[in-house]
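Enquirer: Quick one: sequence and predicted model below, then my questions.
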Amino acid sequence: MHGGYMLKFARRKSIFLSIFLVAVSLAGIGYGNVGPEYHLLSDPARGQTPTFTSYKGVSIGMSTDEVREKLGKPKEPSESMDYYAPSDNEFIQIYYEAKKVAALTVTFSGKLDSAPDVKTVFGENAEVKPDGGIFKMVRYPKAGYWISYNKITGDDPMIMIAIKKI
């Protein structure tokens with residue numbers, strides 16, 4: 001691979017992990033308002049039935065073997081996480097606990113036209129920040145996981161969708 005691509009890839013991978021860790025941290029805070037820009041929705045009517053239950057057929061609780069059957073050989077496999085890069089603009093990280101999917105993140109960068117919009121993920125729109133960014137997170141206690149959607153605008157725009165077992 002070209003050295004410049006690897007540097008850009010490493011930088012993005014670091015950003016993706018940072019965003020995911022922020023989302024995981026927010027999820028541990030609890031229900032209700034976390035601040036003016038972040039809302040963890042706990043409305044039982046909203047939190048019962050997620051509209052976005054999987055990505056490319058991969059969902060929480062699937063085995064490592066089932067994931068690899070769906071997505072193929074990972075670019076970077078391990079016991080705790082598989083990494084896929086289906087295109088230059090799409091990156092998938094699958095996190096495992098006891099060989100079962102405990103979390104997955106999908107990140108789109110640069111060209112965002114193939115990324116699901118927030119309404120596809122939650123069944124409703126979300127507040128758009130003045131800069132065009134979006135952050136929304138909803139817990140689905142009966143389903144056993146939460147979903148977050150984070151859109152970052154600017155010179156190198158990104159959309160990151162995370163699903164994490166509660």
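Expert: In hand now; what should we look at? For clarity, every value in this text was computed on a predicted model and none was experimentally measured. Residues are numbered from 1 along each chain as shown.
Enquirer: Show the average pLDDT along whichever strand in the chain runs longest.
Expert: Using DSSP state E to define each element, the chain has its longest strand at strand 100-109. Mean pLDDT, computed over strand 100-109, is 96.
Enquirer: Restricting to C-alpha, output it in CSV.
Expert: Listed next in CSV are the C-alpha coordinates belonging to strand 100-109 (Å, rounded to 0.1, in the frame of the first residue of the first chain):
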residue,chain,number,x,y,z
LYS,A,100,-20.2,-13.2,20.2
VAL,A,101,-20.7,-9.7,18.7
ALA,A,102,-20.9,-7.2,21.6
ALA,A,103,-20.6,-4.0,19.4
LEU,A,104,-20.1,-2.9,15.9
THR,A,105,-19.2,0.4,14.4
VAL,A,106,-19.6,1.5,10.8
THR,A,107,-17.8,4.5,9.6
PHE,A,108,-18.2,6.4,6.3
SER,A,109,-15.6,9.0,5.5
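Enquirer: Buried residues in it, which are they?
Expert: For strand 100-109, burial by neighbour count (16 or more other C-beta atoms under 10 Å) applies to 101-109. For glycine as for every other residue, the C-beta is placed from the backbone atoms N, C-alpha and C.
Enquirer: separation between residue 154 and residue 72?
Expert: Residue 154 sits 32 Å away from residue 72, going by C-beta to C-beta, to the nearest Å.
Enquirer: One more: residue 151?
Expert: Distance of residue 151 to residue 72, computed by C-beta to C-beta: 28 Å.
Enquirer: Neighbour count: these two, which is higher?
Expert: Neighbours per residue (other C-beta atoms under 10 Å) separate residue 151 from residue 72, with residue 151 holding more: 23 against 10.
Enquirer: ok, back up a step: nearest to residue 95, out of the buried residues of strand 100-109: which one, please.
Expert: residue 103 (4.1 Å; C-beta to C-beta).
Enquirer: Next, work out how far apart the closest one and residue 131 are.
Expert: Distance from residue 103 to residue 131, by C-beta to C-beta: 27 Å.
Enquirer: Equivalent analysis for residue 141, please.
Expert: Distance of residue 141 to residue 131, given as C-beta to C-beta: 32 Å.
Enquirer: and those two? which has more neighbours close in?
Expert: A count of neighbours by other C-beta under 10 Å puts residue 141 above the other of residue 141 and residue 131, at 13 against 10.
Enquirer: Thank you, goodbye.
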